[in-house]
Structures are given as C-alpha cells and as structure tokens.
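S.K.: Pasting the sequence and the predicted model now:
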Amino acid sequence: MIAKKIRVLIAKPGLDGHDRGAKVIARALRDAGMEVVYTGLRQTPEQIVEAAIQEDVDVIGLSILSGAHNFLFPRVMELLKERGVDDILVIGGGIIPDEDIPGLKEVGIAEVFTPGTPTSKIVEFITSNVNK
Amino acid sequence: MDIYKSVIGGDKRAIARFISLIEQRSEEAINLLKKIHSRTGNAIIIGITGPPGGGKSSIVNQLAKKLRSKNKKVGIIAIDPSSPFSGGALLGDRIRMQELTMDEGVFIRSMGTRGALGGLSKASYDSAKVLDASGMDFIIIETVGVGQSEVDIVKLADIVVLVQVPGLGDDVQAIKAGIMEIGDIFVVNKADKEGAERLVKEIEMTLDLNPNKNEFRPPVIKTVATTGEGIDDLFVNITRVWEHFVKFDIIRKRRLARAKQELIDIVKENYFDDFFQRYSEKIQDMAEQIYQRKMDPYSASEIIIQDIRKVFFN
C-alpha cells in the first residue's frame, strides 16, 4: 500500500470568465505534490459535485469573482449533503467581502482565501486539514 | 458501503472509491479485483492516443456523445502526466468533456501517470476492469500526449485510435517505428487546417508499404473534433474494425496476450520486487563493486540468479 495522494478539484462556478487565480492555485497545488483536477469555466454546482464524486477528491476548491458566492457556495454544500458526502474539504477563494465569510463558514466552507493570500498558506491549510 | 455490490450495480461513488483503492495499491483493491474478474470482459476498450494538443480529449468527448446517442454506457479514463519532481499533476482533460458530467450513463476519471512512462498509469489497467464490471458498454482510455514510443496503450485497448494533426513533421515521420505502428484507426484531426490532405496521403502511403497486403488495413479518417465533423465516420469505422477483429480472432488473441502479460507483471511485481527488497543490501554492495570496477554487472547478475534458483528449487 502506498500513501494516498491528495486529490483536489478546482472549479469555477458561475458566469465570470476569469480563471487566472484558479490556474495559479492549481499550479501551486501541483507543485506541492497534489493531483489537481481542473474542470474549466462556468460550472454549475451540480456539475462540480458530480465531478468531485467521480474523481474521488479530498478537497474542492471553489473560485468565484462574480459576487454570487452567497448563492453558489451554499448550493455546493447542500448538494454534497444530499449525496451523502461528508468527507470532502471545501474551500473558497476570490473576491469575497469579509462580512460574508462567517456566513459561508457556517454552511460548511472550511476556509475562504481572499486576494493576496500566499499560495503556500493554501497548501498548508489543505495538508493539515484534509481528511486522511 | 459494500463496494463490490455497489460497483456491480453501477454506483458511481463506489466505482470512484474502488479506483482510488487501486491507485493506492491497497490489499482491499486486490481482494475486490479478484471478486470482479468473472464479471469483466464485456466492454469494448478503445484507446485514444496521439501528440499533446492533438485534440484527444475533444475526440473522446464527441465519441462519447455519439455512443450515448446509441444508448451505450461509456466509462472514460483520461491520463495526464505527473510531475517527475513534485509527484503532483494537473489533470485537465475534463475541461473538454464538461457536457458529459451530468450524463447518467457516463463516468469520467482523471489520472496522473505517477511515474509510468508508456503513456498510461499503472492503475489504468485495473481501473478499466472496474468500469467493465460496472456495466459500461464502452471504455475509452485517453493516454497522455505521446511522442514517438509511448505505446503501452496496445497492452490495454481492443482498438487503438491514433490521432494525428497536420503540421508536425515531414513524411519520414510517418515511416518511423513506434507510435505509427500501433494505430488500428488513424484520425487526422484539425482537418480544416492546412496540410491535412497531405498528412492523409502520407499515412495512406505508409499503409501501402505494409508488406502483408492481405492483412487488415487501418482506415484513415478526417475529423474536426471541436465541431464534431467526422465523428460519425469514426464511430462507423470503430464498429467495422471491431467486427473485423472479432471475425478474424484478433480480439481473442489480443486479450489472451494481455492476460498473459498481466500475470507475468503481477508475479514480477510481487515476487521479484519482494526478492530485490530482501537482497537490497547485497545489491547495494555489488553496485559499489561494479562502480569500483572490481566486478562487472553480468557476473554480479549471475550470482543473484543463482540465489533466485536456490529460493525456487530448495
């Protein structure tokens, strides 16, 4: 038996077309030895959850810049719950006002990373919080 | 969750979990693989290979859609390279397959090569069995973007589709050994680009040079995967090639060769790796002597083989 590799799904829900941030994160996680499944732009929460299940990932990273986070993030959490998935760590990133963060954490988003966060901090958060 | 029962029932979470166990080479995976073996061998395995950026993922996407329109269930394993430095990987094949995600009859799994060099990952062979046992009619294996000699896909697929694109080299490329020899079907993708006609001709010429004229001749098909042009033609040809291979006993021979190779590989892995581990000190010591020119590698290997014989025949 060999050690399990951390698998991460990086997804961009919603309609904004800016994925530079998502790509930077994907690259940083790759360089940290993780397997990163990148699904591309404009994913519905349903697609994200389905892909996460088929890929059997440990982490879902949601990137969003459009302001729709208060709808899309909770929706992903709701769908995971519906499918009986409770062992995936869900984190978020993008332009998210500080006052929205407590609400997102309440629905189960483990952490929210806003612009300027060093990628090393995200790597560290995943490695120390992932369900082993 | 009873993984065995759930996989047989086609449950996607169970399939996904099973594949992860295979990737970790766990004991549980081996036990489950023993159980599902009798339920495999029903799916048609199609390998899609070709250079990076040639449109393999887009072809897989279109082909899967076509198969779904015929009500066939499709399992997809898409492989991308793992970093030899960090061991990480960026698996991006799903980007071209977004419209398949919500389809009940499709399962997609992305994999890193994790050190394997032949264009596949080690886990892809056993993972294909899981998809087979789960009731998929077709399994599509998309290799990493290959160069000239990553030909492991022939060890796994019933039919190999080799995707080529115009503009990558002159006509000598087409007669080189390696990748050009493994195609059962040749696809010239991006056929709307300049040079496509010439590439088709070059491939046809290479096929003309095959000394065994009576043998099966691979079809050459033009596609534009982004629009879906030529995919009907590809599907028709896959069906034809399959029928031909069944009729002329080629599938049976390939699958038998695969079973033999697999058995040898498993014995090698479990027995020899174990053996080398037990003798690692001796091997290290011999390596030192070989390095210092006190011993040559052939004589050293004879000593090791003597030892193996002792273990076998005592």
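M.R.: That came through fine. Numbering: from 1, shown residues only, chains lettered A, B, ... in the order given.

S.K.: So residue 96: helix, strand or coil?
M.R.: In the absence of a named chain, this looks at chain A. The assignment at A:I96 comes out as coil when based on DSSP: H, G, I helix; E, B strand; the rest coil.

S.K.: That one against A:P115, yeah?
M.R.: No - using Cβ atoms under 8 Å, A:I96 is not in contact with A:P115, being 9.2 Å away. No exception for glycine: its C-beta is placed from N, CA and C like everyone else's.

S.K.: of the two, who's got more company?
M.R.: A:I96 (21 against 10; other Cβ atoms under 10 Å in any protein chain shown).

S.K.: Around chain B, pick out the residues from chain A.
M.R.: Applying Cβ under 8 Å from any Cβ of the partner chain, we find that chain A lies next to chain B at A:1-5, A:7, A:26-27, A:29-40, A:43, A:46-47, A:50-51, A:53-56, A:83, A:85.

S.K.: which of the residues you listed count as buried?
M.R.: A:5, A:7, A:26, A:29-40, A:43, A:47, A:50-51, A:53-56, A:85 (16 or more other Cβ atoms under 10 Å in any protein chain shown).

S.K.: What about these, which are in strands?
M.R.: Counting by DSSP state E, those place A:7, A:35-38 in strands.

S.K.: Output those in a markdown table; the columns should cover pLDDT.
M.R.: Listed next are those as a markdown table, based on pLDDT from 0 to 100:
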| residue | pLDDT |
| --- | --- |
| A:R7 | 97 |
| A:E35 | 97 |
| A:V36 | 97 |
| A:V37 | 97 |
| A:Y38 | 94 |
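
S.K.: just those now: which is nearest B:F313?
M.R.: Of all these, B:F313 sits closest to A:E35, with 44.1 Å by Cβ to Cβ.

S.K.: Settle this for me: the closest one is touching B:G88, isn't it.
M.R.: Yes - between A:E35 and B:G88 there is a contact at 6.4 Å, judged by Cβ under 8 Å.

S.K.: then stretch B:52-65 to PDB, C-alphas only?
M.R.: Backbone C-alpha positions of stretch B:52-65 (Å, rounded to 0.1, in the frame of the first residue of the first chain) are rendered in PDB as follows:
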ATOM      1  CA  PRO B  52      -0.200  16.700 -26.900                       C
ATOM      2  CA  GLY B  53      -2.700  19.200 -28.100                       C
ATOM      3  CA  GLY B  54      -3.800  17.000 -30.900                       C
ATOM      4  CA  GLY B  55      -7.400  17.100 -29.800                       C
ATOM      5  CA  LYS B  56      -7.700  13.700 -28.000                       C
ATOM      6  CA  SER B  57     -10.000  15.000 -25.200                       C
ATOM      7  CA  SER B  58     -12.200  16.700 -27.700                       C
ATOM      8  CA  ILE B  59     -12.500  13.500 -29.800                       C
ATOM      9  CA  VAL B  60     -13.200  11.500 -26.600                       C
ATOM     10  CA  ASN B  61     -16.000  14.000 -25.800                       C
ATOM     11  CA  GLN B  62     -17.500  13.700 -29.200                       C
ATOM     12  CA  LEU B  63     -17.200  10.000 -29.400                       C
ATOM     13  CA  ALA B  64     -18.800   9.500 -26.000                       C
ATOM     14  CA  LYS B  65     -21.700  11.700 -27.100                       C
END
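
S.K.: give me the low-pLDDT residue ranges for the chain?
M.R.: Chain wasn't specified; assuming chain A. A:1, A:131-132 (pLDDT under 70).

S.K.: um, chain B though
M.R.: In chain B (pLDDT under 70), the answer is B:169-177, B:213-214, B:314.

S.K.: residues from it in reach of chain A?
M.R.: B:12-13, B:15-17, B:19-20, B:23-27, B:82-83, B:86-92, B:94-95, B:98, B:101-102, B:107-110, B:112, B:114.

S.K.: Buried members of those into ChimeraX, please.
M.R.: Buried subset of the residues of chain B next to chain A, written as a ChimeraX selection, criterion 16+ other Cβ under 10 Å:
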select /B:12,13,15,16,17,19,20,23,24,82,87,88,89,90,91,92,94,98,101,107,108,109,110,112,114
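
S.K.: Now, the residues of chain B next to chain A that are in helices?
M.R.: Secondary structure from DSSP state H places B:12-13, B:15-17, B:19-20, B:23, B:27 of these in helices.

S.K.: what's the helix or strand hosting A:K23 packed up against?
M.R.: Counting by DSSP states H and E, the element that carries A:K23 is helix A:20-31. Taking 3 or more Cβ pairs under 8 Å, 6 or more residues apart in numbering or on different chains; DSSP states H and E as contact, the helices and strands that helix A:20-31 lies on are strand A:7-11, strand A:35-38, strand A:59-64, strand A:89-94, helix A:119-129, strand B:89-91.

S.K.: Let's have the ones you listed in TSV, adding distance to B:I264.
M.R.: TSV is the format used below for the helices and strands packed on helix A:20-31 (distance: least, Cβ to Cβ, whole Å):
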stretch	distance to B:I264
strand A:7-11	31
strand A:35-38	29
strand A:59-64	38
strand A:89-94	41
helix A:119-129	38
strand B:89-91	28
